[in-house]
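Colleague: pasted the sequence and its predicted model underneath.
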Amino acid sequence: MADVLDDAEITRILAITAHPDDVDFGAAGTITRWTDAGIEVTYCLVTDGDAGGLDEDVPRAEMPALRRAEQVAAAKCVGVHDVRFLGYPDGRVEATLGLRRDLARVIRQVRPDRVVCPSPERNYARMGTSHPDHRAVGSAALDAVYPDARNPFAFPELREREGLAPWKVREVWLAGSPSPTHFVDVTATFSRKIAALRAHESQTGHLDDLEERIRGWLTRGAALGGLPDGRLAESFQVLDIGLRQLLDTGLRQVLNTGLR
Ligand SMILES: [Zn+2]
């Protein structure tokens, strides 16, 4: 298991995703544990998922509002009440400077200790998690965490015109990573994850085997994480964004000086 911050040290978490439903497939069981523990969780969705849905009778123009409403309903199932949308077009996301600035803005507004976002790496074993929008959002979100949100001289307009002070995120959890390092037991929150997924009716309404399918994935996650049989786990790659490393280095310097 990776070295991760204790949830007791965490006040606020920001989950950044490309599409409505991404956070529910990847992390809703874990998020339920956090909100149950009193941690404030905010969602930031880069697109409205307007290229999604399967029902051709639903006019495409209605899709953004429909999917936003589904995500807000899904968020409620897991205790999240702050859901923000950036409105980028679905299927055409690139990790531009503009997206980095927009994400740095949200990070400075929300001031999260921990950020959850998609992995920017392609996962050859699970192509579905490697949608180009996911990789672009993951890349832009990591750049927004480091260095943009913490550097007072990055996107100076955020500070000068919007009064947003720099903010240091302490830890990032990547969802859909080809190299997960941390496994969260979500057996107790599984039913709320399923409820959240069912709230995305336009995406999951046709999946009669939704629960079985998700149970299969999470069972494999638990096995990979070495959890006992019968447990379910969501998987993440956890990144330390410098603070603990700096503390370690500082400590080593003190020790070295003391020894000299
Ligand atoms: Zn997606």
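Modeller: Nice, I can see it.
Colleague: can you pull the contacts of the closest residue to the ion within the chain?
Modeller: Proximity of the chain to the ion (CB to the ion) peaks at residue 19, 3.6 Å away. In this view, the C-beta of every residue, glycine as well, is placed from N, C-alpha and C. Counting by CB atoms under 8 Å, 6 or more residues apart in numbering, residue 19 makes contact with 45-47, 49, 52, 67, 90, 131, 133.
Colleague: part of a helix, is it?
Modeller: No - with DSSP: H, G, I helix; E, B strand; the rest coil as the criterion, residue 19 is coil rather than part of a helix.
Colleague: dihedrals phi and psi, it?
Modeller: Dihedral angles of residue 19 (phi, psi; degrees, to the nearest 10) stand at phi -130, psi 150.
Colleague: same question, the one 5 residues further on
Modeller: The main-chain torsion angles of residue 24 are listed as degrees, to the nearest 10 and equal phi -80, psi -40.
Colleague: same question, residue 45
Modeller: Dihedral angles (degrees, to the nearest 10) for residue 45: phi -100, psi 130.
Colleague: give me the secondary structure label for the nearest residue to it once chain neighbours are set aside.
Modeller: Nearest residue to residue 45 in three dimensions, chain neighbours excluded: residue 85, at 5.0 Å (CB to CB, 6 or more residues apart in numbering). Classification of residue 85 by three-state DSSP places it in strand.
Colleague: who are the contact partners of residue 85?
Modeller: Counted by CB under 8 Å, 6+ apart, residue 85 has contacts 44-45, 48, 68.
Colleague: between those, which is closest to residue 170?
Modeller: Residue 170 has its nearest neighbour among the contacts of residue 85 in residue 44, at 17.7 Å by CB to CB.
Colleague: show me what contacts the closest one?
Modeller: By CB under 8 Å, 6+ apart, the contact set of residue 44 is 14-17, 84-86, 103, 106, 110.
Colleague: let me know the closest of those residues to residue 117.
Modeller: Nearest to residue 117 out of the contacts of residue 44 is residue 16 (CB to CB; 4.4 Å).
Colleague: low pLDDT regions in the stretch 101-250 of the chain?
Modeller: Within the stretch 101-250 of the chain, the stretches with pLDDT under 70 are 243-250.
Colleague: ok, 90 please
Modeller: 125-128, 241-250 (pLDDT under 90).
Colleague: mind telling me what element the residue lying closest to residue 199 once chain neighbours are set aside is part of?
Modeller: Of all residues not flanking residue 199 in the chain, residue 74 sits nearest, at 3.8 Å (CB to CB, 6+ apart). Assigned by DSSP states H and E, residue 74 belongs to helix 63-77.
Colleague: so which bits of that helix are buried?
Modeller: Buried residues in helix 63-77, counting neighbours by 16 or more other CB atoms under 10 Å, are found at 63-64, 66-68, 70-75, 77.
Colleague: got the residues of this structure near the ion?
Modeller: By CB under 5 Å from the ion, the residues of the chain that approach the ion are 18-19, 22.
Colleague: dump the residues you listed to CSV, plus pLDDT.
Modeller: Formatted as CSV, these follow (pLDDT from 0 to 100):
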residue, pLDDT
18, 98
19, 97
22, 97
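Colleague: out of those, who's nearest residue 156?
Modeller: Taking CB to CB as the measure, residue 156 lies nearest residue 18 of these, at 27.5 Å.
Colleague: is it true that the closest one touches residue 51?
Modeller: No - applying CB atoms under 8 Å, one finds residue 18 not in contact with residue 51, separated by 10.9 Å.
Colleague: higher neighbour count, these two?
Modeller: The residue with more neighbours, out of residue 18 and residue 51, is residue 18; 26 against 15, by other CB atoms under 10 Å.
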